[in-house]
Structures are given as C-alpha cells and as structure tokens.
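Undergrad: what follows is a predicted protein model with its sequence.
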Amino acid sequence: MTTDHVFNALDPFDGAGTTPVKAGALAAITVTEYAARIERAVNRVGGALLAGEVLKVNPWNGMLFFSVTDGDATLSCMVFRSDVRRLQHPPREGDMVQLVVDRPQFRKDRGSLTLIISQITLAGEGELLRRRQELLDRLTAEGLCRRDRLRPLPTYPRAVGVIAGQGSDAMSDVTRALQDRWPATHIVTVSATVTGARAPGAIIDAIVRLQAHPRVDVVIVARGGGSVRDLACFDDERLCRALAACATPVITAIGHTDNVPVCNHVAWPATTPSRSAEMAVPSARDAGSAILNAAIAIDAVPARLDRSAERVRTTRLEISPRLDLLRERIVLRAGPATVIATRRVQVTDQSRAATGVVDTFVQEHALAIRDRRPALDAVPRRAAAVLTEQHDDVVRNAADLQAVVGHVDRLRRDIPDLGERVHAGIHRQLKDHARDYARAAARLTAEARTGLNRSAARLRREIAVQSRLLDDRVNGRFADARRDLRHAAEVIAARDFRRAGWVLVGLNGHPVRSAADLQTGANLTLDFHDGRASATIDHTNTKEQHS
C-alpha cells in the first residue's frame, strides 16, 4: 500500500485527510487519542511482501531487530522468538531479502513504527536476474539501449570525471590507466557508495556534480566484479535513466563479461578499467608515433622535391635530343650556312659551360684541401705523441708488474712464518679466553649466590613483619568482635521490659493480651525477669464495665 493510502485511512477520524487543519477549526484532543487514531490507521495498512537491503541487525533476548531500506526509505523490523527459530537464513547486514510483513505495529508509548516480520527469504540470483531482464526489456522498448543515441566520446577531453568507491581498487586502476595512457589528463574524482541500496542515489548525485563541472567532457563509473547480488545496485531503474539522460557521455566499467548489469546497456560499456581509459583519452604513445611519422613525412618533402626536380631534368635531357633533331631539321630546311652558324653557337655554349664546371670543381677541391691541410700536417705529430704515450704506459706497466712480482715473492717467503705466528696467537687467545670465562663464571656465581642470600633475608624480614601485622590485625578483630557482642548483649538486655517491673501473663501456654480473655478461677502463669509464679483469677473488670 502506498503512502497515499495510509493518509486516506485517517479521513474517517479527522474529516480532512491530508489537508492542513487550522488551530481554531477543531477542538483540542489529547496525545493519547491522536496516537490511538494513528494506531488504527496503521493497523488498516495490513501485511505486504517487501524487497530491500538489510541494515543494523541486532538480536536481543531471542528476538531479531533490524532495518530494511531501498535507498530512499528505511523501516524498522522485528521478528518474534518463535519465528526466529524457523528462519533458514538469518539476515546479515547488506543482504538483499524479501520480507513477509504480517502487520505494522505502532507503539503509542514510544511513538515508533515497527514491522512484524514472519518470513525472510534471501533474494537469489535467479530473482535478481529476472528483475534485471524485466528492466532491460522495458528500457529497450523505450529506445534507451540503442547505440546510436549515445553521445559521442571526445577525442581530446579537457578533464575526465571518475566515480568509484572511496579508496577502491577500481578508483586507483582507472586513474593509473588514464595517467599511463595520457599523462596530461586532468582527472576529477568523486567517491560514492557502489554497493547496497544507497548506491544508486549516491552515484546519481556524483553524476550530477560532474555534469555541472565546467571542464569534465567524459565521465567514467567504475566498480570491480562481483556476484549478481553485489552488482544489483547497477540494475536500479533510477540510475539507468540518470545515465541515459546525462548530458556528458558516460563510460561504465562495471562487473565482468559474464555478469553485465543494465547500466552497461544505456552507456558506453567497458569491460575493464584499462579499457575505459582507452575509450576516454587518446594514447600518448600513438600520438607520439603519429607526430613522428608526420615529422618524417615533412622531412622527406625536400628529398621528394629533389627527386621530382631530377625527374624533370631527366625528362628535359630526354627531350633535348628530340628538340635538337627538330631544330636541325628546321635548320636544314633553312640552308647550310644557318646550320653551321647554329652548330658554332652550340659548341661555344657547351665549351663555356664545361669550362665553368671544371673551374668550379677545381676551386671547391682546392678550398677543401686548403681547409684540411692543417689537420693533415698535424697527423705525424699526433701519431708521434700517441706512440710516445703508449711507450710510457708500457714502461710504467712493466715497472708495476715487476713490483707486484717482488711483493708476491716476499709474501710466498713470509707465509710459513705468518702461519706459525697466527697459530700460536690463536692458541694463546683461546687460553686467555678460557681463563677469563672461568673467572667470569665464578664471579657471576658468587654474585648470584650473594643476591639470593640477600633476597632470602629480605623475604624473611618481610614475612616476620607481615606475621606481626597479621597477629595484630587478628587480635584487633577479636577485640572488636567481643566489644560488638557485649554491646549487642547489653542492647538485648536493655530491651527486656521485665527488668522494669513488667510481667508476662500466660494462660494454658498462650500469652494473655486482654482482660476479656480471662475468666474467674483461671490459673495464670506469671513470668518475671528472674523467675516464674502462678496465680488464680478471683474476678475480672474490663474497661467497658469500668466506664
């Protein structure tokens, strides 16, 4: 039953339903009367079958107390002792369950509402998968799962928003993958609950915050793998619709390929955190390779131009004979004198060009020889210096080698004497150590014996002192007991009214409390504080007769 039905149940009592009531419109009633109205309204709600997440399980005195929530509303629940014993799976915090509500119970003395639960069933994977498929079919029918409606991912985003659990592996994996792939990426992280009934609301709030960020161009929602129950929050209809409506493109990296929640169908799906980073930002390595290839292509342009110029020159050379032939044919038609003049001009031009080429070649090589003449002149000097240095190194190495050989010979001669000295020194050190250890052991034994004797003497003195103190305490306790006993006896003796002259009167073994109980001739027993006497009644006179 919805909340509207609960409010309507109040209509028969106040005649106004949910309409606000002015203070002067109705007569004042007591809190108890109004609580009774609420109790009657709550009782009309009746039982129900609820589905939600368990929170704050608290067993007490054989009963079971907990709360159930769907992320927005939270209700307190109680299972009686008799029903607890029949539960096959006692709920634990975080379990997704189905609850059989017998009735709601309103406590007037506390003003609290509690649901009385008789059965609890864990929401199995089959039930969760059925709900997932129903939601997926409904969103597909609405067109929210079409690939063509997804907002395009930017090639170079200004900032990437990441939504994951606080301190989770998914958060660190995504941020590390983004930084490895594109180190200049600006990352905006928002922590949110990614498990349980409260997760959809928390993730929606994070999406709203990142959508309002002025620099975030793409959002990644990440969570590690898990069972169908662990990922049930990502099958929430509110979350899926929020992802579909987000103005910023969203990449979801939830679960694994064999457990895909509904949210992966309404956003850009990524199977792993690293895959989400590949979809969100470009690769710095690929961009560098592209830039390098572009630079190589740009650098190759002059060579290509040279090759093109060479092809042009080659083509020109190939065409020149044909042109000359055509020119000759034209000249032949003009006459021998013209041909001779033309040939003379061509020979002169070719001779002048050849002379220029030879002069340029000679000048270039003359300049090169002149520039390299100092280096060539320095070659003999450098070779002599290098040979001299190598000769000096050989001489020094020979001297060092001779010194090493002499040192080795001395060591070979000194090794036997050195071994005997080492052997004698070791034996002498062993004897010294054995003597020192024996002295140290004797000293430590004497010190330990002296310490034990001192400790024993100190303990004897303490025992003697404690014995005297104990005797004093015992004697004091006995004296206090005697004094208390004497005082008690004196108090008891002081409370004996017979010492003040009073007499205890008895008749046939029973105390006499009234003169009306006595008859003439009765034999009485008189108890004094120091003895007993007998008496016979001659006559009686009560207060009524006297008055």
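TA: Thanks, I have the structure now.
Undergrad: okay, helices next: where are they in the stretch 251-400 of the chain?
TA: With DSSP state H, counting those that start in this stretch, the ranges of helices along the stretch 251-400 of the chain come out as 273-280, 284-334, 336-494.
Undergrad: now the last one: mean pLDDT?
TA: With pLDDT averaged residue by residue, helix 336-494 scores 72.
Undergrad: following the chain onward from that helix, which element is next?
TA: strand 504-507 (DSSP states H and E).
Undergrad: for the closest residue to Q211 other than its chain neighbours, what are its contacts?
TA: Sequence neighbours aside, T248 is the residue nearest to Q211 in space, at 5.1 Å (criterion: C-beta to C-beta, 6 or more residues apart in numbering). Every C-beta, even on glycine, is put in place using the N, C-alpha and C of the backbone. Shown in contact with T248 (C-beta atoms under 8 Å, 6 or more residues apart in numbering): R151, G161, L210, Q211, V216, D217, V218, V219.
Undergrad: okay, those in TSV with distance to R181, neighbour count and pLDDT next?
TA: Supplementary listing: the contacts of T248 in TSV, determined by distance: C-beta to C-beta, whole Å; neighbours: other C-beta atoms under 10 Å; pLDDT from 0 to 100:
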residue	distance to R181	neighbour count	pLDDT
R151	21	13	90
G161	16	26	94
L210	20	24	92
Q211	23	16	90
V216	17	21	93
D217	16	18	93
V218	13	23	94
V219	17	29	94
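Undergrad: what's the closest of those residues to A192?
TA: Of all those, A192 sits closest to L210, with 10.5 Å by C-beta to C-beta.
Undergrad: how close does the closest one get to S112?
TA: With distances taken as C-beta to C-beta, to the nearest Å, L210 is found 39 Å from S112.
Undergrad: show me the domain layout of the protein.
TA: Taking automatic domain parsing as the criterion, the chain consists of the domains 3-127, 150-282, 287-321, 335-389, 418-488, 500-546.
Undergrad: any idea how far T272 lies from G406?
TA: 71 Å.
Undergrad: of these two, who's got more company?
TA: T272 (18 against 10; other C-beta atoms under 10 Å).
Undergrad: look up phi and psi at that one.
TA: When quoted as degrees, to the nearest 10, the phi and psi of T272 stand at phi -140, psi 160.
Undergrad: that one contacts A253, correct?
TA: Yes - counting by C-beta atoms under 8 Å, T272 does reach A253; the two are 6.4 Å apart.
Undergrad: so the spatially closest residue to G167 that is not a sequence neighbour bridges to which residues?
TA: Excluding its sequence neighbours, the residue lying closest to G167 (C-beta to C-beta, 6+ apart) is S191, at 7.9 Å. Legend: beta-bridge partners of S191 under DSSP bridges are A164.
Undergrad: pretty sure S191 contacts V162?
TA: No - between S191 and V162 there is no contact under C-beta under 8 Å: 9.5 Å.
Undergrad: need the overlap of contacts for the two.
TA: The contact sets of S191 and V162 overlap at M171 (C-beta under 8 Å, 6+ apart).
Undergrad: quick one: which of those two has more around it?
TA: Neighbour tally, S191 and V162, criterion other C-beta under 10 Å: the higher count belongs to V162, 28 against 15.
Undergrad: helix/strand/coil for the more buried one?
TA: strand (DSSP: H, G, I helix; E, B strand; the rest coil).
Undergrad: can you pull the contacts of it?
TA: By C-beta under 8 Å, 6+ apart, the residues touching V162 are M171, V174, T175, L178, I187, V188, T189, V190, V219, I220, A222.
Undergrad: make a PyMOL selection of the buried ones in these.
TA: Buried members of those, defined by 16 or more other C-beta atoms under 10 Å, are picked up in PyMOL with:
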select buried, resi 171+174+175+178+187+189+190+219+220+222
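Undergrad: can the domains of the chain go into CSV with extra columns for distance to E134?
TA: Shown next, in CSV, are the domains of the chain (distance: least, C-beta to C-beta, whole Å):
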stretch, distance to E134
domain 3-127, 11
domain 150-282, 10
domain 287-321, 44
domain 335-389, 88
domain 418-488, 84
domain 500-546, 91
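Undergrad: which of these comes out lowest on mean pLDDT?
TA: domain 335-389 (a mean of 63).
Undergrad: returning to what we had before: show me the contacts for the residue nearest to G167.
TA: A164, G165, Q166, G167, M171, A206.
Undergrad: closest one of these to D95?
TA: Distances from D95 to the contacts of S191, taken by C-beta to C-beta, are shortest for G165, at 19.2 Å.
Undergrad: I'd say that closest one and R223 touch.
TA: Yes - the criterion here is C-beta under 8 Å, and G165 meets it with R223 at 6.8 Å.
Undergrad: shared neighbours, those two?
TA: Both G165 and R223 are in contact with V194, T195, where contact means C-beta under 8 Å, 6+ apart.
Undergrad: who's more crowded, these two?
TA: A direct count of neighbours by other C-beta under 10 Å for G165 and R223 places R223 higher, at 28 against 18.
Undergrad: which residue, other than its chain neighbours, is closest to the more buried one?
TA: Spatial nearest neighbour of R223, chain neighbours left out: V194 (4.5 Å); criterion: C-beta to C-beta, 6+ apart.
Undergrad: the one you found is in contact with D169, isn't it?
TA: No - using C-beta under 8 Å, V194 is not in contact with D169; the gap is 11.5 Å.
Undergrad: which of the two has more residues huddled nearby?
TA: Ranked by neighbour count (other C-beta under 10 Å), V194 and D169 place V194 first, with 27 against 13.
Undergrad: for that one, give me its contacts.
TA: So V194 contacts A164, G165, S168, A170, A202, I203, R223, C233 (C-beta under 8 Å, 6+ apart).
Undergrad: can you redo those residues as a markdown table with secondary structure?
TA: What follows is these, written out as a markdown table (three-state DSSP):
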| residue | secondary structure |
| --- | --- |
| A164 | strand |
| G165 | coil |
| S168 | coil |
| A170 | helix |
| A202 | helix |
| I203 | helix |
| R223 | strand |
| C233 | helix |
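Undergrad: would JSON lines of these with distance to R443 be doable?
TA: Formatted as JSON lines, those follow (distance: C-beta to C-beta, whole Å):
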{"residue": "A164", "distance to R443": "69"}
{"residue": "G165", "distance to R443": "67"}
{"residue": "S168", "distance to R443": "65"}
{"residue": "A170", "distance to R443": "68"}
{"residue": "A202", "distance to R443": "74"}
{"residue": "I203", "distance to R443": "77"}
{"residue": "R223", "distance to R443": "71"}
{"residue": "C233", "distance to R443": "76"}
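Undergrad: of these, closest to H427?
TA: Nearest to H427 among the contacts of V194, with distances taken as C-beta to C-beta, is S168, at 69.1 Å.
Undergrad: so how far is T195 from the closest one?
TA: 10 Å.
Undergrad: what residues are shared contacts of those two?
TA: Common neighbours of S168 and T195 (criterion: C-beta under 8 Å, 6+ apart): R223.
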